[in-house]
Structures are given as structure tokens and as C-alpha cells.
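Peer 1: build me a model from this:
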Amino acid sequence: MGKVRRNKRRRRNRKNVSGRDESSGTHPVDEPKDETTAGENGERQTDVGPSERDGGGDDLRHRGGISLIPYARVNSAWTINDGFMRAVYGQMVRERTLETTFYANSVTDGDEFLAILQRTENLPVVAFDDRELAGLAWINAIKSDHAFAHYWFARGVWGRRSVEVAKEILDYWFRFDKDNDALFKVLLGETPANNRRAAAFNKRIGFTEVGTVPKVSGSGVTIFYLENSYGKEFWQQQERTQSSSIGTGESGADSAGHAETLAETAGHR
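Peer 2: Numbering: from 1, shown residues only. Model prediction:
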């Protein structure tokens with residue numbers, strides 16, 4: 001859910017589904033693209049990508065040039081190292097998207113950025129497009145069969161490619177399973193009511209607008225939801241496939257099941 005010809009793509013604003021206290025928003029940013037990113041102290045460094053610097057091993061999903069790597073604590077170590085995640089923070093600073101990703105200036109440095117993403121209630125995933133950083137997304141406020149979704153996209157994928165990356169992330173989350181059924185039946189999002197571009201983007205990736213809660217965060221907050229399209233037949237087939245794999249001595253785990261294990265190990269549920 002190719003290789004992007006970024007220099008020919010029309011620059012568009014980053015758009016997000018967001019929610020709760022770590023919600024996301026958008027600003028139009030029309031800076032010329034270069035090949036470096038600013039670290040948190042303003043130093044220049046190469047744009048981050050899933051190289052030897054990530055320290056995280058293999059990605060859990062790789063389709064259509066899009067790779068997803070969960071950011072979780074496994075066996076006392078994070079799947080992606082602090083230096084890489086600080087570089088993600090630095091790219092947000094350089095692209096002037098930090099304040100619209102974390103409202104009310106809730107993140108002012110790399111340490112706070114890491115602290116938020118490492119909270120047990122957050123379940124982040126880092127997305128790459130053709131081995132270049134594409135975005136960061138996370139879910140939280142996990143209750144029963146639903147959760148809140150949040151996004152940030154790197155400037156290089158703004159536009160059509162950000163829709164493709166977002167849909168891949170949504171598909172990845174919706175394939176999380178528990179007892180041979182979907183872990184999440186619905187994903188929710190909150191977007192500032194005056195952020196029309198973010199609202200339009202939410203709809204492009206499949207979310208339905210529920211309505212606006214007035215007098216919240218100044219202009220009010222618009223609520224969105226998206227239902228899991230994987231029905232009972234899909235999960236029954238998954239169960240049969242897994243049983244068949246166990247019977248033949250093969251592994252029946254897929255990306256979703258592996259991610260489920262990571263989430264439980266990290267203490268996200």
C-alpha cells in the first residue's frame with residue numbers, strides 16, 4: 001500500500017490523519033529540495049534511509065518500493081537506533097513540519113521526540129520509499145477494537161505518493177490480528193477544522209468525516225473514521241493457511257503477525 005521522480009512532482013502540502021495529544025496538521029511548504037537534512041542542532045547530514053545506520057534488521061513489509069519498519073523495543077533493544085530517529089526529527093525541523101505534527105510545541109528537541117515515540121501507548125512505524133525516508137506514523141489510544149492514527153510524511157513524497165504510502169500503512173495496521181480476527185475494526189483521526197487540505201487527504205485515503213467538535217483547540221476538531229475492510233472470510237483463510245503451514249513445518253507468520261508479536265513484546269497492549 002517504484003521509484004518516485006521527485007524533482008518532477010508538483011510540491012504539495014503534507015497531510016495527516018491525526019488524533020489526541022500527539023496529533024498532526026499541515027502547512028504549505030515550498031522550499032527547494034536538496035540532498036541534506038538538518039540535525040537537531042542545525043548540523044548538515046545526509047537524508048536518512050534504511051541503511052546500516054538503522055540498526056533494525058529486515059523490514060516487515062516491502063511492496064511496490066515501500067518498506068515499513070516498526071519502531072518497537074524487542075529484547076531490550078529498539079528496532080531502529082536513536083541516531084536514525086533523531087535524524088527523522090532533524091528532517092522535520094528542516095522541512096518546518098515539526099510544529100504541525102506535534103501541536104502546542106509539545107516537542108522542542110530530539111530527546112522529547114524520542115520520549116513520545118517510545119511511550120508504551122504509542123505504536124510507531126517508519127516508512128521508506130525506494131530506501132529513502134517517506135514518513136512516520138503511529139497509532140495510540142488503543143481501546144478494545146479501535147485506535148487513533150497519526151501521520152507525518154517527508155517532503156519528497158508529498159502528493160500522490162503520500163496517498164500510496166498512507167494506504168500501505170493502513171493496510172499494515174488493519175492486518176494486525178488477535179485470536180484469528182482483526183485487532184482493529186476501526187481507526188479514528190482528528191484534524192483541526194480549519195485544515196482543509198488535511199481533511200481532503202483523509203478522504204483520499206478512505207476516511208469518512210463524522211463531524212466537527214467546536215471550540216476545541218481554537219477552531220474546533222474534525223473527526224474521521226475508517227473501517228477495516230478485511231472481513232471474516234479473510235481471517236478464516238488466514239487461520240487455515242497458518243494451520244496448513246504448521247502441519248508442513250513451515251512458518252505461517254506474515255507481516256501482520258510478526259508486527260503483532262513486536263507490539264506485544266514492546267508492551268503496547
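
Peer 1: contact partners for residue 224?
Peer 2: 17, 188-191, 199, 202-203, 207-210 (C-beta atoms under 8 Å, 6 or more residues apart in numbering). C-beta coordinates here come from the backbone N, C-alpha and C atoms, glycine included.

Peer 1: what about the spatially closest residue to residue 85 that is not a sequence neighbour, which SS state?
Peer 2: Leaving aside its chain neighbours, residue 85 sits nearest to residue 114 (5.8 Å; criterion: C-beta to C-beta, 6 or more residues apart in numbering). Look at residue 114: counting by DSSP: H, G, I helix; E, B strand; the rest coil, its state is helix.

Peer 1: low-scoring stretches of the chain, by residue?
Peer 2: Counting by pLDDT under 70, the ranges of the chain that qualify are 1-62, 245-269.

Peer 1: again, 80 this time
Peer 2: 1-64, 100, 103-105, 180, 217, 232-233, 235-236, 238-269 (pLDDT under 80).

Peer 1: if we can go back for a sec, the residue nearest to residue 85 against residue 82, yeah?
Peer 2: Yes: counting by C-beta atoms under 8 Å, residue 114 does reach residue 82; the two are 6.2 Å apart.

Peer 1: compare neighbour counts for these two and give me the winner.
Peer 2: Of the pair residue 114 and residue 82, residue 114 is the one with more neighbours under other C-beta atoms under 10 Å, namely 18 against 13.

Peer 1: contacting residues around the more buried one?
Peer 2: Counting by C-beta under 8 Å, 6+ apart, residue 114 has contacts 82, 85-86, 89.

Peer 1: the residues you listed, buried ones only, as a PyMOL selection?
Peer 2: A single PyMOL command selects the buried members of these (16 or more other C-beta atoms under 10 Å):
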select buried, resi 85+86+89
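
Peer 1: max pairwise distance over the contacts of residue 114: which two?
Peer 2: 82 and 89 (10.2 Å; C-beta to C-beta).

Peer 1: need the contacts of residue 224 in JSON lines (columns: neighbour count and secondary structure).
Peer 2: Converted to JSON lines, these look like this (neighbours: other C-beta atoms under 10 Å; DSSP: H, G, I helix; E, B strand; the rest coil):
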{"residue": "17", "neighbour count": "29", "secondary structure": "coil"}
{"residue": "188", "neighbour count": "22", "secondary structure": "strand"}
{"residue": "189", "neighbour count": "28", "secondary structure": "strand"}
{"residue": "190", "neighbour count": "23", "secondary structure": "strand"}
{"residue": "191", "neighbour count": "29", "secondary structure": "strand"}
{"residue": "199", "neighbour count": "22", "secondary structure": "helix"}
{"residue": "202", "neighbour count": "27", "secondary structure": "helix"}
{"residue": "203", "neighbour count": "12", "secondary structure": "helix"}
{"residue": "207", "neighbour count": "23", "secondary structure": "coil"}
{"residue": "208", "neighbour count": "11", "secondary structure": "strand"}
{"residue": "209", "neighbour count": "14", "secondary structure": "strand"}
{"residue": "210", "neighbour count": "12", "secondary structure": "strand"}
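
Peer 1: I'm done for today, thanks for sticking with me.
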